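# any chance you can model this:
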Amino acid sequence: MKHLLLLGLLLLCACGSKAEATADAEVGFDADAAVGTDDIAADVALDVPSDVSIAYPDLQPTLCIPNQPIDLLGWDPKYAVLKTMPQSSWSYVQDNNWYLLTVLQQAQEAKDALAADPTLAALAKQRELRLRAAEAKCAPAVTCLPEDATCVAAEQAADEACLLPEVTWTADEIATTAAQVGKVLAKTTVAQKHLRPSGRFALYRSKSDEALITTATADALTTLQSTFGGIASNHPNLLLGLPAIAQNHPGALQFFEPLLWSTIEVMKGALQDQAGRYEPLVEGGNKAALERMKTIDWSQWRFSIVLGLGWGPEDNHALSDLGREHSDVVASRYLAGLAPFIMLTGGHVHPSADTPYAEALEMKKYMMAKYQIPENAILVDPHARHTTTNMRNIARQMMEYGIPLDKPGLYSSDVAQVFYVLHLDQRCMDDMGFLPYRTVQSLGENDNCFLPSAESMFRDARDARDP
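Numbers count the residues shown, from 1 in each chain. Alright, predicted model coming up:
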């Protein structure tokens with residue numbers, strides 16, 4: 001009965017394994033308290049090939065064996081992603097959301113081309129001067145007493161009305177600037193050396209270099225502005241820190257940097273670092289599994305991974321009852337020798353985005369403690385906020401980590417969630433514009449097989465906490 005009720009709710013709300021997060025409360029975050037595993041023993045990882053296991057004979061990958069190899073859509077597995085320096089969780093927020101801007105900052109060819117163009121050079125200087133003049137221009141005329149709520153609200157409104165125009169862009173300004181950037185950088189090798197092989201612009205692969213760069217620039221400015229505006233409308237007090245940005249960046253600024261730094265600044269104030277939190281995973285939460293992966297003979301296993309999707313609690317507990325149930329099902333498939341790795345996905349979502357508990361990390365702790373599954377058998381994605389991005393983020397990890405892309409993965413869960421994922425196509429198209437998998441096929445009421453799609457490498461900053 002519980003599963004039937006859950007299935008009905010899933011189909012009615014079409015919200016997958018997690019609901020949309022609401023306002024982000026301004027509270028502190030203790031990563032060590034949330035994910036510490038020092039007290040959990042890590043035994044030797046399971047290395048029982050699937051052809052030896054006789055468990056779950058009906059769970060065979062046949063339905064998901066591809067007819068032809070995956071099309072990587074221009075993504076180059078050997079491409080070295082550029083990084084904002086120095087590295088921090090906030091640099092990963094930028095790199096994961098607005099990689100084009102990281103390229104414009106780090107690739108010398110791009111920097112030189114933008115600086116040499118009179119139109120973009122003049123625009124950069126104008127934007128920089130407006131930011132640097134904002135501190136004096138927008139200084140409050142009066143100083144409010146903290147207890148005078150009416151005065152404080154009026155002062156914040158005045159600051160907002162003054163500061164926002166100095167940082168934000170109009171739709172026409174975005175379109176004109178994006179077209180100019182496309183025109184200038186199309187004469188360089190930036191698209192061929194960085195944008196196309198990164199895979200992060202895969203949805204625009206059929207466009208010319210100029211059109212791809214133009215579209216990517218418009219995307220970056222538009223999503224920066226929507227992120228900035230969304231936070232500013234809920235946290236107008238955070239705008240008071242914007243004038244200090246000019247002091248923190250004394251050198252010449254590129255045309256996009258006043259808005260970029262302003263957006264990062266208000267994201268910091270609102271504690272919205274989810275896209276960079278725990279990064280780099282390859283040196284942290286996934287390091288042990290990636291080291292072991294070097295020794296795996298994939299041909300000996302039925303499936304490449306067993307995938308587990310989180311289900312966050314509706315109160316501030318570490319793990320919900322359904323989260324434990326999902327973990328139990330996934331652990332049973334791993335312990336039967338169906339795949340050499342477990343992949344868990346789910347971020348800071350329930351009961352709100354400020355929860356200290358990431359679904360994937362809590363499931364990992366639970367499996368290690370209850371089943372003694374070692375850390376080097378578990379990969380995590382602690383970022384996904386929706387069922388659609390659960391599937392997308394896992395597909396990305398499979399590609400980036402070198403997991404065979406034509407060897408099916410196994411997705412195991414309760415009957416309601418398995419059924420929902422089997423019928424996720426329309427929501428993926430509506431929300432993301434692509435399918436993060438090439439196929440998903442039912443293997444029974446608790447299991448699907450699937451193959452990842454290369455379009456999952458596309459980065460979408462419309463949700464800057466889970467791009």
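# helix or strand: which one has the closest residue to residue 282 other than its chain neighbours?
Excluding the flanking residues, the one nearest residue 282 by Cβ to Cβ, 6 or more residues apart in numbering is residue 290, at 6.1 Å. Where C-beta positions appear, they are placed from N, C-alpha and C, glycine not excepted. Using DSSP states H and E, residue 290 maps to helix 287-293.
# and that helix, how far from the chain's centre?
Relative to the chain's own centre, helix 287-293 is displaced by 21 Å; criterion: Cα atoms, centre = their mean, to the nearest Å.
# go through it and flag the buried ones.
288, 289, 290, 292, 293 (16 or more other Cβ atoms under 10 Å).
# save these as CSV, and put in pLDDT and distance to residue 85 too.
Output for the buried residues of helix 287-293, formatted as CSV (pLDDT from 0 to 100; distance: Cβ to Cβ, whole Å):
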residue, pLDDT, distance to residue 85
288, 98, 27
289, 98, 27
290, 98, 23
292, 98, 30
293, 98, 28
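# tell me the one of those nearest residue 353?
residue 289 (26.5 Å; Cβ to Cβ).
# so how far is residue 408 from the closest one?
Plainly put, residue 289 is 19 Å away from residue 408 if you go by Cβ to Cβ, to the nearest Å.
# rewinding a little: following the helix holding residue 290, which helix or strand comes up?
Counting by DSSP H and E, what follows helix 287-293 is strand 305-309.
# return the distance of the next helix or strand after that following strand from the chain's centre.
Going down the chain from strand 305-309, the next helix or strand is helix 321-335, by DSSP H and E. Distance of helix 321-335 from the chain centroid (Cα atoms, centre = their mean) equals 24 Å.
# can you give me the angle helix 321-335 makes with strand 305-309?
180 degrees (axes from the mean of the first three to the mean of the last three Cα atoms, to 10 degrees).
# elements contacting helix 321-335?
Helix 321-335 makes packing contacts with strand 305-309, strand 341-345, helix 359-371, strand 409-412 when contacts are defined by 3 or more Cβ pairs under 8 Å, 6 or more residues apart in numbering; DSSP states H and E.
# what does that helix contact?
6, 46, 56, 59, 306-313, 319, 339, 341-342, 344, 359, 362-363, 366-367, 370-371, 373, 377, 410, 412-414, 417, 446-447 (Cβ atoms under 8 Å, 6 or more residues apart in numbering).
# give me the buried entries from those residues.
Going by neighbour count (16+ other Cβ under 10 Å), the contacts of helix 321-335 have 6, 46, 56, 59, 306-313, 319, 339, 341-342, 344, 359, 362-363, 366-367, 371, 373, 377, 410, 412-414, 417, 446-447 buried.
# so which elements touch the helix or strand residue 262 falls within?
Element membership of residue 262 [criterion: DSSP H and E] is helix 257-269. Helix 257-269 makes packing contacts with helix 89-97, helix 118-137, helix 149-167, helix 209-234, helix 243-248 when contacts are defined by 3+ Cβ pairs under 8 Å, 6+ apart.
# pipe these into TSV and attach mean pLDDT, distance to residue 426 and mean neighbour count per row.
TSV is the format used below for the helices and strands packed on helix 257-269 (pLDDT from 0 to 100; distance: least, Cβ to Cβ, whole Å; neighbours: other Cβ atoms under 10 Å):
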stretch	mean pLDDT	distance to residue 426	mean neighbour count
helix 89-97	97	26	21
helix 118-137	90	41	16
helix 149-167	72	37	16
helix 209-234	95	23	20
helix 243-248	81	42	15
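# and residue 389, which of those helices is closest to it?
helix 89-97 (12.2 Å).
# now that closest one and helix 257-269, what's the angle there?
Going by the same axes, to 10 degrees, helix 89-97 makes 120 degrees with helix 257-269.
# with just CA atoms, put helix 89-97 into PDB.
Output of helix 89-97 as PDB, limited to C-alpha atoms (Å, rounded to 0.1, in the frame of the first residue of the first chain):
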ATOM      1  CA  SER A  89      34.700  25.500  -3.300                       C
ATOM      2  CA  TRP A  90      33.700  28.900  -4.900                       C
ATOM      3  CA  SER A  91      36.000  28.500  -7.800                       C
ATOM      4  CA  TYR A  92      34.300  25.200  -8.500                       C
ATOM      5  CA  VAL A  93      31.000  27.000  -8.300                       C
ATOM      6  CA  GLN A  94      32.200  29.200 -11.200                       C
ATOM      7  CA  ASP A  95      33.800  26.400 -13.200                       C
ATOM      8  CA  ASN A  96      30.900  24.100 -12.900                       C
ATOM      9  CA  ASN A  97      28.300  26.800 -13.800                       C
END
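# average pLDDT for the helix or strand that comes right after it?
Using DSSP H and E, the helix or strand that directly follows helix 89-97 along the chain is helix 99-106. Averaging pLDDT along helix 99-106 gives 98.
# go ahead and confirm residue 452 touches residue 398.
Yes - applying Cβ atoms under 8 Å, one finds residue 452 in contact with residue 398, separated by 4.9 Å.
# so what sits against both of these two?
In contact with both residue 452 and residue 398: 405, 409, using Cβ under 8 Å, 6+ apart.
# more neighbours: which of these two?
residue 452 (27 against 23; other Cβ atoms under 10 Å).
# list the contacts of the more buried one.
Counted by Cβ under 8 Å, 6+ apart, residue 452 has contacts 70, 394, 395, 398, 399, 405, 409, 436, 437, 438.
# for it, give its distance to residue 383.
For residue 452, the distance to residue 383 - Cβ to Cβ - is 16 Å.
# same question for residue 214.
Taking Cβ to Cβ, one finds residue 214 at 28 Å from residue 383.
# helix 99-106 and the helix holding residue 262, what's the angle between them?
Using the same axes, to 10 degrees: helix 257-269 against helix 99-106 is 120 degrees.
# how far off centre is helix 257-269?
Worked out by Cα atoms, centre = their mean, helix 257-269 lies 18 Å from the chain centre.
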